[in-house]
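Undergrad: Curious how this folds, go ahead:
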Amino acid sequence: MDGLPPLIDQYSHGAVHGELGLGSFETHLAAATGAHGPAPAGTSYFDSWTGLAIRRWCPPLLGLEPHCPPARYLARRREVGAYQAGRLLLRGAGIGTFLLEAGTPSDLTSTAELATAAEARAHEVVRLEPLAEQVADTSGSVDSFIGYTAEAVYAAAQNATAFASGATYCDGHAPEAGEVRRAADRWLRHRRQGERLGEPALVRHLLWSAVATGLPVQLHSPDPQPLAGFLRATTGIGSDLVLLPGVPHHRRAAQLAAAHAHVYTDAGPCPEETLSQAPFGKLLFSSGARGLPELYVTGARFFLRAMRRVLREWTDEGLCAAADGRRITEMIGSGTARRVYRLEAEVAAAG
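TA: Have a look, this model is predicted:
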């Protein structure tokens, strides 16, 4: 796999600022593993798949041997300093372009900060629901909310690389104006400031508004099947859709991507599950990293490790040539993202 171009990470949230002691590091590590509460007695969250990966791939980026004890690693992290450690980790991840969800919490790097730290490019992806929530906080009426939301989506489209939504369902029809007004009225009357958007009709309205801009739209839906009607109905409109499913729905997401010309999907933590379900040009890499810069490193290494393993097996069986394996890995790791998110121009300029 030598000679591959840097990866394009199509989905992440940014890295933490500041020093991290054992407790705070473990809190972020627990979140990355999907765990809650303290680790079982006598163990730590380094005793996990992600913890092992951090110990394997991150110490050498800070000048240590692989698999060094967690305490030694964290001591070296403090010795180097949080800012420099973050730079070394991000720059060693092998990622050349980041698509970062906009509006990240203040304790995480912004798009500009991530680009500087990683010495890479970074682009904003605007999440629709928080955008509408911000408008609601300054809207005095249903009419102003609907009007200002339309303006906000249009304004965001001028600079964003893509939109994103957490919609878990959307059918094949945009909601009618009356349905949108009634949903907005219910939400605004009963909403407390800071409350998340939960009105299905408003979420559907936002999705259709985003598709109308022509920008790609990321769909963060654990199970993408309830979005099938929306996927069919948006064929030919001009906006590409990218599914970001949860485990264990990556296979189904790949099948939906294969069935629709404008639909793509995240390759997931185990690309081998999706490679047989969709054309390779429908799959994209992401780290999904949030908080620890180490998660960008492990996300990229896990992806390349899985691709290397599968394609070596295919090559040994005579199913493909080594050159095909490199081309497939490049396609999923960066090539499709350049096309879907329209990043070709910056690549040409860099060259």
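Undergrad: CA only for contacts and neighbour counts going forward, please
TA: Fine.
Undergrad: Read off the pLDDT value for L108.
TA: Looking at L108, its pLDDT is 92.
Undergrad: whoops, I mixed them up, Q193
TA: Per-residue confidence (pLDDT) for Q193: 66.
Undergrad: In this model Q225 seems to touch R252, though I could be wrong.
TA: Yes - in this structure R252 lies within contact range of Q225 using CA atoms under 8 Å: 7.5 Å.
Undergrad: Tell me which of the two has more neighbours.
TA: The neighbour count for R252 versus Q225, taken as other CA atoms under 10 Å, is higher for R252 (19 against 16).
Undergrad: what's near enough to touch that one?
TA: R252 makes contact with P224, Q225 under the criterion CA atoms under 8 Å, 6 or more residues apart in numbering.
Undergrad: Quickly note the distance from it to A258.
TA: Distance from R252 to A258, counting by CA to CA, to the nearest Å: 10 Å.
Undergrad: what's V242 sitting at in phi/psi?
TA: Dihedral pair for V242: phi -120, psi 120, per degrees, to the nearest 10.
Undergrad: Find the residue closest to W57 in space, skipping its chain neighbours.
TA: Excluding the flanking residues, the one nearest W57 by CA to CA, 6 or more residues apart in numbering is P66, at 6.5 Å.
Undergrad: Show the pLDDT at the one you found.
TA: P66 carries a pLDDT score of 98 in this model.
Undergrad: That one touches R55, doesn't it?
TA: Yes - P66 lies in contact with R55 (CA under 8 Å); the separation is 6.1 Å.
Undergrad: what about those two, which has more around it?
TA: Ranked by neighbour count (other CA under 10 Å), P66 and R55 place R55 first, with 21 against 16.
Undergrad: need the contact list for that one.
TA: Residues counted as contacts of R55 (CA under 8 Å, 6+ apart) are P66, H67, C68, P69, P70, Y73.
Undergrad: go with 10 Å
TA: R55 sits next to F46, L64, E65, P66, H67, C68, P69, P70, Y73, E294, T298 when contact means CA atoms under 10 Å, 6 or more residues apart in numbering.
Undergrad: what do you get for R204?
TA: Counting by CA under 10 Å, 6+ apart, R204 makes contact with 165, 167-175, 180, 210, 230.
Undergrad: Try it again at 7 Å.
TA: By CA atoms under 7 Å, 6 or more residues apart in numbering, the contact list for R204 reads C170, A174, P175.
Undergrad: Let me know the secondary structure of it.
TA: Three-state call for R204 (DSSP: H, G, I helix; E, B strand; the rest coil): helix.
Undergrad: if I look at it, how far off is H173?
TA: The gap separating R204 from H173 is 9 Å, by CA to CA.
Undergrad: same thing with D143?
TA: As judged by CA to CA, D143 and H173 stand 22 Å apart.
Undergrad: Please apply the same query to L207.
TA: In this view, L207 and H173 are 11 Å apart by CA to CA.
Undergrad: Okay, buried residues for stretch 146-165 please.
TA: Using 16 or more other CA atoms under 10 Å as the test for burial, stretch 146-165 gives 146, 148-150, 152-153, 156-157, 160-165.
Undergrad: Next, format those residues as CSV and append distance to Y264, secondary structure and pLDDT.
TA: Below are these laid out as CSV (distance: CA to CA, whole Å; DSSP: H, G, I helix; E, B strand; the rest coil; pLDDT from 0 to 100):
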residue, distance to Y264, secondary structure, pLDDT
I146, 30, helix, 97
Y148, 30, helix, 97
T149, 27, helix, 97
A150, 26, helix, 97
A152, 26, helix, 97
V153, 22, helix, 98
A156, 22, helix, 97
A157, 20, helix, 97
A160, 19, coil, 96
T161, 16, coil, 97
A162, 14, strand, 98
F163, 14, strand, 98
A164, 14, strand, 97
S165, 15, strand, 96
